[in-house]
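Trainee: Starting from these lines, generate the structure:
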Amino acid sequence: MRRIVFVEDTYGKEFHRAVMRKLAESRALNPPANIRIDPRPVRKCDNKLRRLVLSAAVSGEATKVLLVIDDEGRPDAVDSDVLRHLRNLPNVDVSIRVVAVSPMHEAWLCIGLGYDRRSCRSDPVGVLRSEKYEKRHLGQWAERMSVDRLMSERDFGEYLDALRWLARDP
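Mentor: Predicted structure coming up:
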C-alpha cells in the first residue's frame with residue numbers, strides 16, 4: 001500500500017513532517033514509516049493535479065492519497081475544485097481524501113504557537129509577521145508549535161482523522 005500526502009505549499013512538506021512527528025510524540029497518531037509527503041506543491045484547481053496523482057499511483061498497488069489544501073475563505077469550494085480533476089482515474093486503485101485548512105496553513109502555525117485563535121483565523125500571516133515571519137519559515141517554526149492547541153480546531157480534527165485513515169490498511 002502506498003500512502004502519499006500532497007500539500008499546496010512549497011514549504012508544506014517540512015510543515016507536515018513536523019506536525020506528524022509532533023502528533024506521533026503526543027501519541028495522537030501512529031503513522032507508518034511509509035507515508036510519503038510529495039515534494040511537489042499542488043494547486044486546488046489545476047490539471048497537473050491529476051497527473052501527479054496518477055504518477056504516484058502504481059498499477060496493481062493500492063494507493064491512498066491525502067490532499068491538504070488552503071481554503072482561502074472558500075471552504076465549500078475546495079472539495080469540488082480538487083475532486084473534479086480526479087474523477088475516473090484509469091486503471092489504478094486510488095482512494096483520495098481532501099482536507100481544507102481554513103483559511104491557510106499559517107492559521108494552524110499561529111494557533112499552535114499560542115496566539116489568539118480569532119486573530120489567527122482572520123489574518124494569520126499578519127499576526128505572525130509581528131514576529132518577522134516569512135513563508136520560508138513555515139516548516140522551521142512548526143517545530144516550536146504545540147499540536148495540543150490545535151486539537152479543538154475543526155479543520156485540524158479533520159486532518160488528524162484523514163492521517164489516521166491514511167495510516168490504516170485498507
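Trainee: mind checking how far residue 101 is from residue 66?
Mentor: 12 Å (Cβ to Cβ, to the nearest Å). Backbone N, C-alpha and C define where each C-beta goes, glycine included.
Trainee: okay, those two: which has more neighbours?
Mentor: Taking neighbours as other Cβ atoms under 10 Å, residue 101 and residue 66 compare with residue 101 leading, 25 against 22.
Trainee: Distance of that one relative to residue 156?
Mentor: 8 Å.
Trainee: follow-up on the earlier one: mind listing the shared neighbours of residue 101 and residue 66?
Mentor: Shared contacts of residue 101 and residue 66, defined by Cβ atoms under 8 Å, 6 or more residues apart in numbering, are not found at any residue.
Trainee: For the residue nearest the centre of the chain, which residues are in contact?
Mentor: Most central in the chain under Cα atoms, centre = their mean is residue 68, positioned 3.1 Å from the mean C-alpha point. By Cβ under 8 Å, 6+ apart, the residues touching residue 68 are 5-8, 12, 16, 99, 101, 105, 159, 162.
Trainee: what about the chain, any weak spots by pLDDT?
Mentor: When residues are selected by pLDDT under 70, those of the chain lie in 59.
Trainee: tell me the strands in it, going along the chain?
Mentor: 2-7, 35-37, 63-70, 94-101 (DSSP state E).
Trainee: Dump the third one to PDB, keeping only the CA atoms.
Mentor: Presented in PDB, the C-alpha positions along strand 63-70 are these (Å, rounded to 0.1, in the frame of the first residue of the first chain):
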ATOM      1  CA  THR A  63      -2.700   3.900  -3.100                       C
ATOM      2  CA  LYS A  64      -4.100   6.300  -0.600                       C
ATOM      3  CA  VAL A  65      -3.800  10.000  -1.300                       C
ATOM      4  CA  LEU A  66      -4.400  12.800   1.100                       C
ATOM      5  CA  LEU A  67      -4.500  16.300  -0.300                       C
ATOM      6  CA  VAL A  68      -4.200  19.200   2.200                       C
ATOM      7  CA  ILE A  69      -5.300  22.500   0.700                       C
ATOM      8  CA  ASP A  70      -5.800  26.000   1.900                       C
END
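Trainee: List the strands paired with it, with their directions.
Mentor: Partner strands and pairing direction for strand 63-70 (DSSP bridges) are strand 2-7 (parallel), strand 94-101 (parallel).
Trainee: Quick one, which of the contacts of residue 68 are buried?
Mentor: Buried by 16 or more other Cβ atoms under 10 Å: 5-8, 12, 16, 99, 101, 105, 159, 162, out of the contacts of residue 68.
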